[in-house]
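**Q** when you get a sec, could you give me coordinates for this:
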Amino acid sequence: MSETVFDTASRLLSVESFRELCLSVLERCLLGEGRFEAGRFGRDQHSSASAGAVLNGVASIPCVPYEVRRRTQKLGYSLIGPDGRLKGHDEQPDDGTTSWSLAQVLLGVSKAADSRFVRSSRYRRALSRLLEFQDRGTGAWLLREGDVEDISFAFYPVLLFDRLLRSDAAPAEVVAEPLRSTARHLLDVAPSTAPTNMVLAVSALDRISELGELTGPQHTQYLACKARLQSCLVDDAGDLRLEDLYLQNELQPRWHSVTWSPLLYACSRAWGGVRSGHNLQIADRLIETYDSAENGWLGPSRTAGTACSWASSLGLLNVYLLARDLSAADISAREFLRSAESARTRRRFDIVISFGGPDRMVAQEIRDHLVAAGLRVFFDTDFRHALLGEDLAVTLQDIYFRRSRYAVAVLSKSFLKSKWAGNWEWKAVLARMNNQQQGYLLPYFLEDVEVPGLNPTIGFLSSDHVSPREFAEVVIQKVTGIRGGRVR
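**A** Residues are numbered from 1 along each chain as shown. You can find the predicted model right below:
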């Protein structure tokens, strides 16, 4: 009998029942009197930002009974005052209304089956307050008026606006222009930010692009930004470059926040499938940081002590999403854990593309679609910084022979005449093909040519019948195991 999604989640964490773990965490998050635990379980301190994490984390997982989820969403709505302000922290009652907390609570409430919450005047006032935290000139989001701005503060507003625009909710019409302003801001700042913040930015831009809210030039810019992210998610040794990102200020009231890297699986999961190099490592961090003694996650500090409400709530959501993706790809928990273990010792690209110079435009079109699906692609111009000054014969041999899952070869007369593609790269491809039994080469013929060493029985596609985009879609399905390569 095949595993259900929740069976898979239970096995990933080595727990008897994922459902019971979710209920246990949720019970510890709810303090009574409409309050949500701020941080460490047992502190008995309310935080509306933590409430947002609970609403969008554990309280949104389908294995939690409907009535329990509905009751929690109602509690989330009760945090919104008649003037649109949120209930403050127990220690700072007047300071709960920030862009970070408002966006998360409003998003969590919008998931309720009862649309009366979203259509209420109270919800509209809270949404209006949220919009006041955006700099309409730049599109940037501030935590509060006069405070710092950061990409992380833009992430939940985009998720909220995406949900409102996809629904029949009454406030949808007021968020379209703020969403477009946010897109302009993300495209301006994402290329120069740290990889962790780039993940948040590109994930947000994924949603904006799917809504059709990017212009043609913006969409090109977005794809270039996504390609750059794919090239820097892991370093040259194959190790994940995503780190926890802390923000803090010395203004009054003081505050700090953290983007915890294991929770980025919710953002990266659509990029390359669960077996891609970066997703394996993010998911591995997620599973490894689960504390079975505490029945939850301690969070970024990893110091011994009680589990954390927001980290445990969002950790459970990410495990559920991982389990769902594994089930969609027909991969068992045991298989995935074995793959994660193997990935610790070998980091690699999902796809390498080999082509002759005159065929660059075709290869680039294929690259663009592979990158848009979240695959990590080796494409020469994306890695100029890594190739500069290196012995290319040695470096390319290593990439093609050891550090790639599949190789796409764009085959033509130009390919055969190329000093690199038809010589060094092709030799590495042939050596790899002789070294493994499973398919490695994914050939795409632009014209009828005889390629030395290529077994005529190997399956291929040609441009006579399949466009570069269609070929890329077939490759995405091959690599991810899922049609279209995307799981939402």
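**Q** what residues does stretch 157-173 touch?
**A** 99, 103, 106-107, 110-111, 115, 118-119, 123-124, 127, 130, 134, 141, 175-176, 178-179, 182, 204, 207-208, 211 (CB atoms under 8 Å, 6 or more residues apart in numbering). Using the backbone N, CA and C atoms, a C-beta is placed for each residue, glycine as well.
**Q** so which residues of the stretch 301-450 of the chain form strands?
**A** Listed from the start of the chain, the stretch 301-450 of the chain has strands (DSSP state E, counting those that start in this stretch) covering 349-355, 377-378, 404-411, 441-445.
**Q** which of the ones you listed sits most buried?
**A** Of all these, strand 349-355 carries the top mean neighbour count, a mean of 26, counting by mean count of other CB atoms under 10 Å.
**Q** strands paired with that one, and their directions?
**A** strand 377-378 (parallel), strand 404-411 (parallel) (DSSP bridges).
**Q** turn these into TSV, including mean pLDDT and distance to Val148.
**A** Supplementary listing: these in TSV, determined by pLDDT from 0 to 100; distance: least, CB to CB, whole Å:
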stretch	mean pLDDT	distance to Val148
strand 377-378	88	35
strand 404-411	90	40
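**Q** as JSON lines, those strands with distance to Leu165 would be great.
**A** Formatted as JSON lines, the entries for those read as follows, by distance: least, CB to CB, whole Å:
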{"stretch": "strand 377-378", "distance to Leu165": "31"}
{"stretch": "strand 404-411", "distance to Leu165": "36"}
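**Q** of all these, which lies closest to Thr306?
**A** In terms of CB to CB, the element of those nearest to Thr306 is strand 404-411, at 40.6 Å.
**Q** hmm, back to that, can you tell me which of the contacts of stretch 157-173 end up in helices?
**A** Applying DSSP state H to the contacts of stretch 157-173, the entries found in helices are 99, 103, 106-107, 110, 118-119, 123-124, 127, 130, 176, 178-179, 182, 204, 207-208.
**Q** leaving out the residues flanking it, which one is nearest to Asn318?
**A** Distances taken as CB to CB, 6 or more residues apart in numbering put Tyr265 closest to Asn318, at 4.7 Å, once the chain neighbours are dropped.
**Q** surely that neighbour and Ile282 touch.
**A** Yes. If you go by CB atoms under 8 Å, Tyr265 and Ile282 touch, sitting 4.7 Å apart.
**Q** next, count neighbours for Pro195.
**A** Pro195: 20 surrounding residues under other CB atoms under 10 Å.
**Q** cool, Lys419 as well?
**A** Neighbours of Lys419 using other CB under 10 Å come to 10.
**Q** same deal with Arg70?
**A** For Arg70, the neighbour count with other CB under 10 Å is 14.
**Q** what sits against it?
**A** By CB under 8 Å, 6+ apart, the contact set of Arg70 is Ala112, Ala113, Asp114.
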